[in-house]
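Undergrad: Here you go, sequence then predicted model.
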Amino acid sequence: MKTKSLFGIIASITSLILFQDITQAQLPRERVQIDEPVENVFWATTNIGISTVRNLSASNLNTTIVHTFGPVNSGIDQFFGLDDGANTRIGIDYGISDRLSIGIGRMTFNKIVDIRGKYNFLRQSTNGNRPIDLAVKTSAGINTTSGIELEFSDRLSFLLSAMAARKFNRFSLQLTPMFAHFNLVADGNPNRLFGLGILFNYELNDRFSVSSEYLPVIGKRNSGTRDALGVALNIDTGGHIFQLFFTSSQWHGEQFIMANNRDRFLEGDFRFGFNIYRVFGLGR
Amino acid sequence: MTNSGHAEFTSRVPLHTFTGESGYLTGMIDYEENIIDFYLDLNTLRTGIDRRDRDMFRTLNVDEYPFAEFTGEFETLPDLQSAEKQFVVVVGEFTVNGVTQNLIIEGSIQSDENGIVLAANWNLLLKDYEIEPPGILFYRVNDEVNIHVKALLKPQKREESLNNN
């Protein structure tokens, strides 16, 4: 027994000495300081209806499915809007580079097909060298409804928006001045609309965040329209991002929300909707 | 000595494989003492999808264990003056997720005018390092992961390497 104990002590001391030798011979472990972009300023490329500064990495394909139903205050008879039929947009976006993406989608209302592009000029960096995200988005919408005898040019509308955002710990804020142009409008409505999207996101934890957006139209607006407001719960399942939201507008896309929203969220005129995002890495 | 070596892993999920890469592999070969020491800041690994990166960091517990490390020795010392590619076997300890396992790695080493090129390839089982393979719904990341490293090591004085990398 004593022999075993003595052997054990000698073995331990030998191991300790060897371990010390190896440890002393090791390189000092140092973390790499990378000037990298702040992650998850927003969790998805769109927050309810307004595009965010988030963009796709190169060679990533993002699929989106968006639904907004009828007004919740339609009551149980319409199952709180779910029986009213949804305005659905299905789309894909592709990252050409880490800063540039292009996309196409189609929504139910007016059978609008939209093509869009987003470019990130600046990414907020973890070391503070770049304090904000800056991006621009441009989009063209085409009304593809048949049998309405419109010239092709009359079916077109356009959007140009700038996005400036910053993440403060768990809280992110984005301001989005935007300009929309409709080639054809109803009498008395302006061809050009200006708006200012105000978005925020607050991370509750790694899986959940709450977000909101407000889109006042600035200056002349379409008759009877209201500023849009929405609130969302974002859920990160690991593979998908789900946004469950209540919003006043049933339309998708900034120019169409500005041009068509007639509901007031704070007066109870809001509807349920959800967005689903899934990114596929095609590069590697 | 290098601090810009290439480290790469390939992992499989059903119907798909994906690769994570880093260009920040740091390490040295101490020929006199026959010591090989490499480490990688796991936060520098990128798979091409930032959300997947975040899940990977969580799976690897990088906040608590930021480094994957290997310290060992050549089974037989190669001739570092030779310009021919030499097959080498390295014996040592590999640590990730705070778990250390003995490891034997086969690789190659070759000298050229810029330094010494070291390359190695091996498979590891996540369960050996107490890493729970992440899974979503009905599919799960395969337990076996292939690791590939390649580094150009440039001559440096031993003291400089140990004191200031």
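TA: Received, thanks.

Undergrad: what comes up buried for stretch A:268-284?
TA: Going by neighbour count (16 or more other Cβ atoms under 10 Å in any protein chain shown), the buried part of stretch A:268-284 is A:269-277, A:279, A:281. The C-beta positions use only the backbone N, C-alpha and C, and glycine is treated the same way.

Undergrad: ok, and of the residues you listed, which contact chain B?
TA: Among the buried residues of stretch A:268-284, the ones lying near chain B by Cβ under 8 Å from any Cβ of the partner chain are A:279, A:281.

Undergrad: Which one of the buried residues of stretch A:268-284 is nearest to A:S161?
TA: The closest of the buried residues of stretch A:268-284 to A:S161 turns out to be A:N275 (Cβ to Cβ; 18.0 Å).

Undergrad: A:V136 is in contact with A:L122, correct?
TA: No. Here A:L122 does not reach A:V136: they are 10.8 Å apart, not a contact under Cβ atoms under 8 Å.

Undergrad: any weak-confidence spans in chain A?
TA: A:1-25, A:284 (pLDDT under 70).

Undergrad: And the next helix or strand past the biggest helix by length in chain B?
TA: Counting by DSSP state H, the longest helix found in chain B is helix B:50-59. Next in sequence after helix B:50-59, counting helices and strands by DSSP states H and E, comes strand B:67-74.

Undergrad: who's in contact with that next one?
TA: For strand B:67-74, contacts defined as Cβ atoms under 8 Å, 6 or more residues apart in numbering or on different chains pick out A:22, A:25-26, A:29, B:27, B:34-42, B:88-96, B:103, B:105.

Undergrad: Also stretch A:258-272?
TA: Against stretch A:258-272 from outside (Cβ under 8 Å, 6+ apart): A:68-73, A:80-82, A:157, A:178, A:180, A:182, A:189, A:193, A:195, A:215, A:217, A:221-222, A:224-230, A:244-251.

Undergrad: first to last residue in that stretch, what's the distance?
TA: Using Cα to Cα, to the nearest Å, one end of stretch A:258-272 lies 19 Å from the other.

Undergrad: Just give the closest residue to residue 34, not the sequence neighbours.
TA: If you meant another chain, say so; for now it's chain A. Leaving aside its sequence neighbours, A:I34 sits nearest to B:T44 (Cβ to Cβ, 6 or more residues apart in numbering or on different chains; 6.5 Å).

Undergrad: my bad, chain B
TA: B:E73 (4.6 Å).

Undergrad: The one you found - how many residues pack around it?
TA: 17 (other Cβ atoms under 10 Å in any protein chain shown).

Undergrad: now swap in A:G75 and tell me
TA: A:G75, neighbours per other Cβ under 10 Å, totals 10.

Undergrad: How about A:A165?
TA: A:A165: 23 neighbours (other Cβ under 10 Å).

Undergrad: Relative to B:T71, how far out is it?
TA: Distance, A:A165 to B:T71, by Cβ to Cβ, to the nearest Å: 44 Å.

Undergrad: Now A:E39: phi and psi?
TA: Note on A:E39: backbone dihedrals following degrees, to the nearest 10 are phi -90, psi 150.

Undergrad: Quick check: it touching B:F57?
TA: No. Using Cβ under 8 Å, A:E39 is not in contact with B:F57, being 10.4 Å away.

Undergrad: Could you check stretch A:123-142 and say which residues are buried?
TA: A:123-125, A:132-135, A:137, A:139, A:141-142.

Undergrad: next one: stretch B:8-19
TA: Buried, per 16+ other Cβ under 10 Å, within stretch B:8-19: B:8-11, B:18-19.

Undergrad: quick one on the thing from earlier: among the contacts of stretch A:258-272, name the ones in strands.
TA: If you go by DSSP state E, these have A:68-71, A:157, A:178, A:180, A:182, A:193, A:195, A:215, A:217, A:228-230, A:244-247 in strands.

Undergrad: Give me the buried subset of those.
TA: Buried among the ones in strands among the contacts of stretch A:258-272 (16+ other Cβ under 10 Å): A:68-71, A:157, A:178, A:180, A:182, A:193, A:195, A:215, A:217, A:228-230, A:245-247.

Undergrad: do stretch A:134-147 and chain B meet?
TA: No. Using Cβ under 8 Å from any Cβ, we find that stretch A:134-147 stays clear of chain B, coming within 15.8 Å at best.

Undergrad: Identify, from the buried residues of stretch B:8-19, the entry nearest to B:Q110.
TA: Once Cβ to Cβ is applied, the member of those that ends up nearest B:Q110 is B:E8, at 18.8 Å.

Undergrad: who's in contact with the helix or strand that closest one falls within?
TA: Using DSSP H and E, B:E8 sits within strand B:2-13. For strand B:2-13, the external contacting residues (Cβ under 8 Å, 6+ apart) are B:17-28, B:38, B:40, B:45, B:118, B:139-142, B:144-154, B:165.
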